[in-house]
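Chemist: mind folding the following:
(chains A and B)
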Amino acid sequence: MLPEFELLMPRTLPEALEMLAERAPDGMPIAGGTNVIPDLRGGRYRPACLVNVAELPELGGIRQEDGMLVIGGGVTMAEVLEDPLVAQWVPVVREAARTLGSPLVRNRATVAGNLANASPAADMAPPLLVLDAEVELASREGTRRVPLKDFFLGVRRTVRQPHELITAIRIPLPPTNARARFFKVALRKADAIAVINGAVRVDLGDDGFCQTARIALGAVAPTPIRAWEAERTLEGQSLTPEVIAQAARLAAEATRTIDDLRGSAAYRRHVTEVMVRRALEEELWSPNSLP
Amino acid sequence: MEPKLITLNVNGRTHQVALKPNVTLLRALRDLGYTDVKNGCEKGDCGACAVLLNGRAVNSCLVLAWQADGAEITTAAGLGTVDRPHPIQEALADSGGVQCGFCIPGIVISAKALLDRNPNPTEEEIREAISGNLCRCTGYTLIVEGIRRIIESENQ
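Modeler: Numbers count the residues shown, from 1 in each chain, chains lettered A, B, ... in the order given. Got it, this is the predicted structure:
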């Protein structure tokens, strides 16, 4: 049995923002419920009030505008997987969405919810970090945009204020020479939380030198992280096996892993180095791979 | 925490029920007598409570009943009965994919959602489609075999 709570059912975004403002800090948004309901049942939190934001008309759809791909705050993983713009521009987002939960979960879980929940293992965080995505937060007072790299504060903590709602995730359209890959190590092939996950992105110039590099890692620190030192090692360089190996070592050094039921700190660190190295090698050896 | 009157359209029947906000769709369906929707883990891991919600397969334990107000819901029993089984149900029974049977209503729903979108799935696609449905009896081999049989018989 779920604990008791009040449930507000707004029909429009302005109505939802009004309710969140009036109830702050006690109102909690719920969309697909794939995190919120298990957490309510498990007693992780007991909000006095839930505000249902599933299917708000303003939060639907994925669109391309002004050099950005905009994923609405109500878009589910299943919708991401079916969307032609995602497949065309940011297949790395698709790769990650494919591994999140199961089809039953992906039909409800939203991209915005995956970020708002701020699990260190959130599968959507690494690909969106390497794409320099930003989170659009709306409130009764207005809208602000936060780079995803500044969004997470700690385990299950973000810069989102209780009266704010994620209305979109905005991704700058990557340049045509960008290549990105997602990786995930988990205890089973499907329906599993990551032991570690991550994404790498490399934009190679015509001269073969790396112009831009991004490495993002999950489940290896209190929040999803960027491996800044490793990125700097790659940028401006020809990506020889030695440079890649050095970047992978630095990526492992950027982690602050812990032991838990899914893996030990030492294993996580080791497998991070291996996965980053492999992902970078694969990018170089498959010139036709899509971003 | 006042109950509210909502409408649930289940297997072609319309129910008006007064429910409190903390009632899940799973609980509401079972209380209405749709006990083919199984109560397993209650956290979206096992898939035993899967139903079609406006054509999409979901875990009904993760949907609040109020969120399903006015929606079209299909349970496994809505697809076919013992006397007139759906081809998916028949194929699972014939293949020996059913042992204790607890996971089967959820498997039937996931298989239906798969075949509605992709009438000719590969074995990998079948396995992915039922990856949110835990079976602790069979090891899945005969369940996958059963779903494959439907495709083969429909392709003849």
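
Chemist: show the average pLDDT along the top helix by length along chain A.
Modeler: Ranked by residue count and defined by DSSP state H, the top helix of chain A is helix A:265-285. Computed over helix A:265-285, the mean pLDDT rounds to 92.

Chemist: go on, stretch A:219-232?
Modeler: 98.

Chemist: got the buried residues for that stretch?
Modeler: Residues A:219-221, A:223-227, A:230-231 are the ones in stretch A:219-232 that count as buried (16 or more other CB atoms under 10 Å in any protein chain shown). C-beta coordinates here come from the backbone N, C-alpha and C atoms, glycine included.

Chemist: return only those of those found close to chain B.
Modeler: Applying CB under 8 Å from any CB of the partner chain, the subset of the buried residues of stretch A:219-232 adjacent to chain B is empty.

Chemist: and the longest helix of chain A, what does it pack onto?
Modeler: Counting contacts by 3 or more CB pairs under 8 Å, 6 or more residues apart in numbering or on different chains; DSSP states H and E, helix A:265-285 packs against strand A:178-186, strand A:194-204, strand A:210-218, helix A:241-253.

Chemist: contacts for the last one next, please.
Modeler: Helix A:241-253 has contacts (CB atoms under 8 Å, 6 or more residues apart in numbering or on different chains) with A:198, A:213, A:215, A:217, A:227, A:229-231, A:233-234, A:237, A:269-270, A:272-274, A:276-277, A:280-281, A:284.

Chemist: show me the shaky parts of chain A.
Modeler: Residue ranges of chain A with pLDDT under 70: A:284-291.

Chemist: closest to the centroid, which residue in it?
Modeler: By CA atoms, centre = their mean, the mean C-alpha position of chain A lies nearest to A:Ala125, the distance being 1.9 Å.

Chemist: neighbours around the nearest residue to A:Glu273 once chain neighbours are set aside, how many?
Modeler: What sits nearest to A:Glu273 in space, not counting adjacent residues and going by CB to CB, 6 or more residues apart in numbering or on different chains, is A:Ala252, at 3.9 Å. By other CB atoms under 10 Å in any protein chain shown, 23 other residues sit near A:Ala252.

Chemist: next one: A:Ala252 from chain B, what distance?
Modeler: Taking CB to the nearest CB, to the nearest Å as the measure, A:Ala252 and chain B are separated by 30 Å.

Chemist: can you tell me how far that residue is from B:Leu19?
Modeler: When distance is defined by CB to CB, to the nearest Å, A:Ala252 is 51 Å away from B:Leu19.

Chemist: the chain: helices as residue ranges?
Modeler: Since you didn't name a chain, this refers to chain A. Using DSSP H, the helices assigned to chain A run over residues A:13-23, A:36-42, A:77-82, A:84-89, A:91-99, A:103-106, A:111-117, A:125-130, A:228-234, A:241-253, A:265-285.

Chemist: look at chain B instead
Modeler: Going by DSSP H, chain B shows helices at B:25-31, B:76-79, B:87-95, B:104-117, B:123-129, B:141-155.

Chemist: okay, the ones you listed in JSON lines with distance to chain A, mean neighbour count and mean pLDDT next?
Modeler: As requested, the helices of chain B are arranged in JSON lines below (distance: least, CB to the nearest CB, whole Å; neighbours: other CB atoms under 10 Å in any protein chain shown; pLDDT from 0 to 100):
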{"stretch": "helix B:25-31", "distance to chain A": "8", "mean neighbour count": "22", "mean pLDDT": "98"}
{"stretch": "helix B:76-79", "distance to chain A": "14", "mean neighbour count": "21", "mean pLDDT": "97"}
{"stretch": "helix B:87-95", "distance to chain A": "16", "mean neighbour count": "20", "mean pLDDT": "94"}
{"stretch": "helix B:104-117", "distance to chain A": "7", "mean neighbour count": "24", "mean pLDDT": "97"}
{"stretch": "helix B:123-129", "distance to chain A": "6", "mean neighbour count": "16", "mean pLDDT": "96"}
{"stretch": "helix B:141-155", "distance to chain A": "14", "mean neighbour count": "17", "mean pLDDT": "89"}
